[in-house]
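>>> All I have is the shape, not the residue letters:
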DNA sequence: ATAGGTGCAAAAGCTTTGCATTCGT
DNA sequence: ACGAATGCAAAGCTTTTGCACCTAT
């Protein structure tokens, strides 16, 4: 546990919400101005590996590294196998209901919803397959 | 409707699935080797604006431009207001049930699930507010 | 004829990596 | 003392942008 990691952890506590890597960097730098961006990236990866922090996508659009779903007939969602990369698409009435309920409760208008689930498909569970990096 | 756009559209049809921008570029280039990456990016943005293509995030991790959720007590999901950027977090039993059902039906093991919904919060609906770009 | 799309090249971001140094234990 | 983490700088990649040219209508 180094001073930088402590500073980053405290920064995450203070910031709350859902900062991006460089929002964390900017804020952590105010505590300790020797902190380097690469340290922040490395620390965030480490925290994500340990599960202390969860990465998530909040931008509706304009985010990088996105995939494109051609000619989507209707809103649908995805299961991605982290072993072989296979994608299963599905529709879900439960999510439609959830959207309606949430919209009513919070008085919001919901324009889009994205659900992605990650895990192992049946075959990869049997094979013990696991992609190390960059699986698609 | 130019030749390049046609080539990109046909490429999307042929590829199917969920290609990234540069997978589209690589494939489109085989049809028409004058196609330039910037044309692909511009065309994909245009298609996304018109709704003919939907951007989605399929990478569980290592994706860029991600936000980090500090100290998540349990799996939860997000509603993001596209007007003011406000984020509402919520848990959902319906999603837990959906996960269990899906896992049973498809014989998969689900390790994570991310749902994000986008729309306008009550106040932004009243105000007619709308962020043009880079809202957070 | 005109509006809009394209190629090109350069710039802009964000993120990663190698290496020498420093730090925590 | 030792292994791990850090700072630094450079490289890597993806994506965007300005501009002149071209093309579909």
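Perfect, thanks for sending it. Source: prediction; values computed, not measured.

>>> Could you verify my assumption that residue A:99 touches residue A:112?
No - Residue A:99 is beyond contact range of residue A:112, at 9.7 Å (criterion: CB atoms under 8 Å). Backbone N, C-alpha and C define where each C-beta goes, glycine included.

>>> Enumerate the residues of chain A near DNA strand D.
Selection of chain A residues close to DNA strand D by CB under 7 Å from any atom of the strand yields A:2, A:4-5, A:32, A:34-36, A:38-39, A:42-43, A:46, A:62, A:64-66.

>>> ok, now with 10 Å
A:1-8, A:25, A:28-29, A:32-43, A:46, A:61-67, A:134 (CB under 10 Å from any atom of the strand).

>>> Tell me which entries of those lie within helices.
A:3-8, A:25, A:28-29, A:37-43, A:46 (DSSP state H).

>>> Restrict these to those that also contact DNA strand C, please.
Among these, the ones lying near DNA strand C by CB under 10 Å from any atom of the strand are A:3, A:4, A:5, A:6, A:25, A:37, A:38, A:39, A:40, A:41, A:42.

>>> By neighbours, which of those residues wins?
residue A:40 (23 neighbours; other CB atoms under 10 Å in any protein chain shown).

>>> what about the closest residue to that one other than its chain neighbours, distance to residue A:42?
Nearest in space to residue A:40, with sequence neighbours left out and distances taken as CB to CB, 6 or more residues apart in numbering or on different chains, is residue A:25 at 4.4 Å. To residue A:42, residue A:25 is 12 Å away according to CB to CB, to the nearest Å.

>>> repeat for residue A:12
Using CB to CB, residue A:12 is found at 14 Å from residue A:42.

>>> By mean pLDDT, which helix or strand of chain A comes out lowest?
Lowest on mean pLDDT, DSSP states H and E among the helices and strands of chain A sits strand A:67-70, with a mean of 75.

>>> got a list of contacts for that one?
With CB atoms under 8 Å, 6 or more residues apart in numbering or on different chains as the test, strand A:67-70 has contacts from B:12-13, B:15-16, B:18-21, B:24, B:44, B:47-48, B:52-58.

>>> what about it, near DNA strand C?
No - if you take CB under 10 Å from any atom of the strand as the test, strand A:67-70 misses DNA strand C, and the best it gets is 15.9 Å.

>>> and the next element down the chain from that strand?
Note on strand A:67-70: by DSSP states H and E, the next helix or strand toward the C-terminus is strand A:77-81.

>>> Outside of that following strand itself, list whatever touches it.
Applying CB under 8 Å, 6+ apart, the external contacts of strand A:77-81 come out as A:86-92, A:95, A:114-121, A:124, B:18, B:56, B:58, B:60, B:102, B:106, B:108, B:110.

>>> tell me the centre residue of chain A?
residue A:56 (2.2 Å; CA atoms, centre = their mean).

>>> ok, that one touching residue B:66?
Yes - taking contacts as CB under 8 Å, residue A:56 lies within contact range of residue B:66: 6.6 Å.
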